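Visitor: fold the following for me, if possible:
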Amino acid sequence: MHTLRELIVNILPAAKVTFEITVGAWLFSIVFGAALAIIGLQGSIVPRVIVTSVVYVLRSVPPLVALYVIYFGLPSLGIIFDPIKAAIIGLGVLDGVYSAEYFRGAFTTVGVRQWEAAFSLGLTTSQSTRLVVVPQTIPFMMPPIINSFVGMMKAAVYASAIGAQELLFAGQQYMNSTGKVTDVALFIIGFYLIATIPLTQLAAKLERRVRAAYG
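Guide: Residues are numbered from 1 along each chain as shown. Okay, the predicted model is just below:
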């Protein structure tokens, strides 16, 4: 119990930074992904080629490389971010290309007639997407979006590599000072299990409901 109290006091406060990075990067990825999906749906070939190229390039970039480029590389161009902001941007951009696929897949569930009806009312493509398509695709997007939050929470550990004082960073500091590697590892694993299992179950439940309603 004494060790557990020490772990709670010395490591758990860093969970606040982990959640800050997770939520920030997750929201960034949703906005970025939605923008890519909407641009990719435009009729012109040029936007679609640009979006496809961006997706292929970003999918090949390892998270640590992206964080190093943003945190260590951009200052040479006069662009400076603190570790938390660098992690939010880097992880958000990389996850955004996968979010774009979630949105694109959800958008394709809306029939052509829905688009035609929206256009017949005089709505533009962006208005049709925002007012007609998106509300109908929310049930299809929720399960993968929730799963992406879970994945982002686990990916937040990469931020420790650029000095963000999140959970793994605090754990490493405690391990270095006490040598209690196993205790720290089990504590961090337990934290992620407690934090992610309910969200994973929620995503699975929503997915079952969507399949029952629309399958």
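Visitor: going forward, measure contacts between C-alpha atoms and count neighbours the same way
Guide: OK.
Visitor: what are the buried residues along stretch 103-110?
Guide: In terms of neighbour count (16 or more other C-alpha atoms under 10 Å), stretch 103-110 has its buried residues at 103-104, 106-107.
Visitor: average pLDDT across it?
Guide: Mean pLDDT, computed over stretch 103-110, is 76.
Visitor: what's next to that stretch, contact-wise?
Guide: 33-34, 37-38, 41, 133-134, 136-138, 140-141 (C-alpha atoms under 8 Å, 6 or more residues apart in numbering).
Visitor: go again with 6 Å.
Guide: Stretch 103-110 has contacts (C-alpha atoms under 6 Å, 6 or more residues apart in numbering) with 37, 137, 140.
Visitor: what is the end-to-end distance of stretch 38-48?
Guide: Stretch 38-48 has its terminal residues 10 Å apart, counting by C-alpha to C-alpha, to the nearest Å.
Visitor: distance between it and the chain's centre?
Guide: Offset of stretch 38-48 from its chain centre (C-alpha atoms, centre = their mean, to the nearest Å): 23 Å.
Visitor: swap in stretch 31-43?
Guide: Chain-centre distance of stretch 31-43: 16 Å, with C-alpha atoms, centre = their mean.
Visitor: cool, stretch 95-110 as well?
Guide: A distance of 13 Å separates the centroid of the chain from that of stretch 95-110, by C-alpha atoms, centre = their mean.
Visitor: stretch 83-97 too?
Guide: That offset, for stretch 83-97, works out to 8 Å (C-alpha atoms, centre = their mean).
Visitor: tell me how far stretch 49-64 is from the chain's mean position?
Guide: Worked out by C-alpha atoms, centre = their mean, stretch 49-64 lies 15 Å from the chain centre.
Visitor: okay, buried residues for the helix of greatest length in the chain please.
Guide: Longest helix in the chain, counting residues (DSSP state H): helix 181-214. Neighbour-count burial for helix 181-214 flags 184, 187-188, 196, 199-200, 202-204, 206-207, 210 (criterion: 16+ other C-alpha under 10 Å).
Visitor: now for that helix, which elements pack on it?
Guide: helix 134-155 (3 or more C-alpha pairs under 6 Å, 6 or more residues apart in numbering; DSSP states H and E).
Visitor: so the residue sitting nearest the centre point of the chain, which of the three states?
Guide: By C-alpha atoms, centre = their mean, the chain has its centre lying nearest to residue 26, at 3.5 Å. Following DSSP: H, G, I helix; E, B strand; the rest coil, residue 26 is assigned to helix.
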